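Student: have a look at this prediction, sequence included:
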Amino acid sequence: MVEKTYPTTTEQQDIAPDRERTRNEERYIAPPVDIYEENDTLKVVADLPGVDKDCVGIQVYDNILTIQGKPAHKASGNPVYGEFELVNFFRQFELSEAVDSERISANLENGVLTLTLPKAEKAKPRQIAVSVS
């Protein structure tokens, strides 16, 4: 599995011809990730503090695994003063043929996202029996 980051595409808005087109104003950071290999699976553990289950997006398209998360303020009321800004999370990984992308599962608990990526049958080690002639 290799990390690859691709620029996000947004629909082009009608802008005056003399104005330069710029990127979307929304900011993203790459969440810290740990990857573990077990016998039959890979585990991807990503820290997404402040992100609820409904605000997480996980997608596999063209062998690219995309993780997106949008944190939300937990406090009620209107903010009067703030020293930090909540920033969205975005990270992509290129999956090899060794991963069975149809069986990927995800669990989010206390801001920690755990993805289980099962290995494809052809990628699992196989014991070969030796016969005597």
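Tutor: Yep, that arrived. Numbers count the residues shown, from 1 in each chain.
Student: which regions of the protein sit below the pLDDT cut-off?
Tutor: Within the chain, the ranges that satisfy pLDDT under 70 run 1-25, 123-124.
Student: not counting residues beside it along the chain, what's closest to residue 108?
Tutor: residue 53 (5.3 Å; CB to CB, 6 or more residues apart in numbering). For the C-beta atoms, the positions are set from N, CA and C on the backbone; glycine is no exception.
Student: relative to residue 106, how far out is that neighbour?
Tutor: Residue 53 sits 9 Å away from residue 106, going by CB to CB, to the nearest Å.
Student: the two: who's more crowded?
Tutor: In this view residue 53 and residue 106 are compared by other CB atoms under 10 Å, and residue 106 has more residues nearby, 15 against 10.
Student: mind checking what helix or strand follows whatever helix or strand that one lives in in sequence?
Tutor: Assessed by DSSP states H and E, residue 106 sits inside strand 105-109. Sequence order places strand 112-118 as the next helix or strand after strand 105-109, per DSSP H and E.
Student: how far out from the middle of the chain is that following strand?
Tutor: Distance of strand 112-118 from its chain centroid, counting by CA atoms, centre = their mean, to the nearest Å, is 10 Å.
Student: the spatially most central residue of the chain: helix or strand, and which one exactly?
Tutor: Residue closest to the average C-alpha location in the chain (CA atoms, centre = their mean): residue 67, at 1.8 Å. Using DSSP H and E, residue 67 falls within strand 64-69.
Student: quick check: buried residues in stretch 28-36?
Tutor: 28, 31 (16 or more other CB atoms under 10 Å).
Student: format the CA atom coordinates belonging to that stretch as CSV.
Tutor: Only the C-alpha atoms of stretch 28-36 are listed here, as CSV (Å, rounded to 0.1, in the frame of the first residue of the first chain):
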residue,chain,number,x,y,z
TYR,A,28,-7.2,19.8,4.9
ILE,A,29,-4.6,18.1,7.0
ALA,A,30,-3.4,14.5,6.6
PRO,A,31,-4.4,12.5,9.7
PRO,A,32,-1.6,10.5,11.4
VAL,A,33,-1.8,6.9,10.4
ASP,A,34,-0.3,3.6,11.7
ILE,A,35,-0.4,0.5,9.4
TYR,A,36,-0.1,-3.0,10.8
